[in-house]
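S.K.: No letters, just coordinates:
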Ligand SMILES: CC(C)(COP(=O)(O)OP(=O)(O)OC[C@H]1O[C@@H](n2cnc3c(N)ncnc32)[C@H](O)[C@@H]1OP(=O)(O)O)[C@@H](O)C(=O)NCCC(=O)NCCS
């Protein structure tokens, strides 16, 4: 990652004022993006949502997660296209793990498109296990696409990472 640039970035709660920038990144990152309403509803519902931004560089990344009884469900994690491949996704995932631990939640759950090999590899490297399949969970160009369900026991995942690296 570019260290001087990283030093200028900061992470904070997402607000409705971020939604225009979030939608620009969302539509650039996915074939089937969330709608503006999905983000507004998530904020209204009080879901945990944060953005990574930087002075003069705009929105870099964001996530939305929903706390359950003993788990944090990661609903959306996205790095804006031009910022991908520079470690921001890994860093944000560590931050999400930190939130789950701070909230005393036992595990982190997410769904990911079966075809999203890059994201699945990232999650596996972070210690997630592939624990199930939701048939036809996502819209797709022709038919629907299955989701791989992944989970991570938070007690085993300090924010510094399972292997103390990255
Ligand atoms: C998936 C995503 C969040 C990962 O964030 P990122 O900032 O691009 O990823 P990082 O730079 O932290 O890299 C994570 C790993 O992917 C690898 N990677 C980065 N760019 C890659 C590329 N173009 N192709 C393959 N692997 C790549 C990195 O080498 C790194 O591997 P490492 O952990 O062994 O070093 C981001 O790419 C993204 O938002 N993609 C589109 C939306 C999406 O798929 N979200 C997840 C939905 S579940």
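M.R.: Alright, I've got the coordinates. The model shown is predicted, which means the values in this text are computed figures rather than measured ones.
S.K.: List the contacts of the helix or strand that residue 65 is a member of.
M.R.: Here residue 65, judged by DSSP states H and E, is contained in strand 58-67. Contact partners of strand 58-67, identified using Cβ atoms under 8 Å, 6 or more residues apart in numbering, comprise 9, 14, 18, 21-22, 24-25, 39, 42, 45, 47-54, 72-80, 83, 88-89, 92, 95-96, 99, 103, 105. C-beta: built from backbone N, CA, C; applies to glycine.
S.K.: quick check, it touching the ligand?
M.R.: No. Under the criterion of Cβ under 6 Å from any ligand atom, the ligand is not reached by strand 58-67; the shortest gap measures 6.9 Å.
S.K.: and the angle from the next helix or strand after that strand to strand 58-67?
M.R.: Scanning forward in sequence from strand 58-67 by DSSP H and E, the next helix or strand is strand 71-79. Angle of strand 71-79 versus strand 58-67, following axes from the mean of the first three to the mean of the last three Cα atoms, to 10 degrees, is 160 degrees.
S.K.: which neighbours does strand 71-79 have in its sheet, and in what orientation?
M.R.: Note on strand 71-79: by DSSP bridges, its sheet partners are strand 58-67 (antiparallel), strand 107-113 (parallel).
S.K.: is it anywhere near the ligand?
M.R.: Yes. Strand 71-79 is in contact with the ligand by Cβ under 6 Å from any ligand atom, via 77-79.
S.K.: tell me which of the residues you listed is nearest to residue 114?
M.R.: Using Cβ to Cβ, residue 77 comes nearest to residue 114 of the residues of strand 71-79 next to the ligand, at 17.0 Å.
S.K.: Thought residue 97 was touching that closest one, still the case?
M.R.: No. Assessed by Cβ atoms under 8 Å, residue 77 is found out of contact with residue 97, at 11.4 Å.
S.K.: Comparing the two, which shows the higher neighbour count?
M.R.: residue 97 (23 against 20; other Cβ atoms under 10 Å).
S.K.: Before I go, just wanted to say thanks for your time.
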